[in-house]
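In: The following comprises the amino acid sequence and a computationally predicted model.
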Amino acid sequence: MIRPILTYPDPELKKKSAPVTVISDKIRELANDMAETMYDAPGVGLAAPQIGVHQRVIVIDVAGSDEPPALITAINPVIIHAEGETFEEEGCLSVPKYAANVRRHAKVVVKGLNLDGEEMVWRADGLLAVAFQHEIDHLDGILFVDHISQLKRDLFRRRYRKSLEQEHTD
Ligand code: NI
């Protein structure tokens, strides 16, 4: 089921999510809904708090449109190693029509559980490394705009408010 995606400045996006203790049918349904919602948007990643569920679950698929889907579902993901630096443009389904360059680690190793409760280790670089960092941030109530400079953030807030106002008057 496709669920509505919360958008900035919804306070639900700022809350910290709790670890999943049992991978129940409810969690499996949540993960399925998240994947469906992400593909429908479309986006390359989605975290549970973006649909208002404060559980540590993320879905990512950075496969290109000409490649087969490569869905990653990570439960309680933790970055256990990070190295290098990258500064690429990011967007977010919860911050529509805005993109900014964000400083991130170039490579990460992420530990977590899959939907079968198996311990997984994902070694990621490029877009996948950025996606893991972006989605795990969501679980801690952090948006990519929280990483940009104060000056850019002020500009973002003004423009964003204006675009929201325009949408309401359209
Ligand atoms: Ni996001």
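Out: Right, received. Where do you want to start? Numbers count the residues shown, from 1 in each chain.

In: And the helix or strand where residue 30 lies, how far out from the chain middle?
Out: In this assignment (DSSP states H and E), residue 30 forms part of helix 25-40. Centroid separation for helix 25-40 versus its chain: 14 Å, with C-alpha atoms, centre = their mean, to the nearest Å.

In: Show me what it packs onto, helices and strands only.
Out: strand 45-47, strand 57-60, strand 72-83 (3 or more C-beta pairs under 8 Å, 6 or more residues apart in numbering; DSSP states H and E). All C-beta spots, glycine's among them, are computed from the backbone N, C-alpha and C.

In: Throw the ones you listed into CSV and include mean pLDDT and distance to residue 164, thanks.
Out: Below are those laid out as CSV (pLDDT from 0 to 100; distance: least, C-beta to C-beta, whole Å):
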stretch, mean pLDDT, distance to residue 164
strand 45-47, 98, 21
strand 57-60, 98, 26
strand 72-83, 98, 31
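
In: among these, which is nearest residue 38?
Out: Nearest to residue 38 among the helices and strands packed on helix 25-40 is strand 45-47; the distance by C-beta to C-beta comes to 4.1 Å.

In: Tell me which strands that closest one pairs with, and in which orientation.
Out: For strand 45-47, the paired strands and their directions (DSSP bridges) read strand 57-60 (antiparallel).

In: May I see the buried residues of the strand it pairs with?
Out: 57-60 (16 or more other C-beta atoms under 10 Å).

In: And for stretch 129-147?
Out: Across stretch 129-147, burial judged by 16+ other C-beta under 10 Å covers 129-139, 141-145, 147.

In: and the longest helix for this protein?
Out: helix 150-169 (DSSP state H).

In: okay but residue 15 is in contact with residue 47, surely?
Out: No: under the criterion of C-beta atoms under 8 Å, residue 15 makes no contact with residue 47, lying 11.5 Å away.
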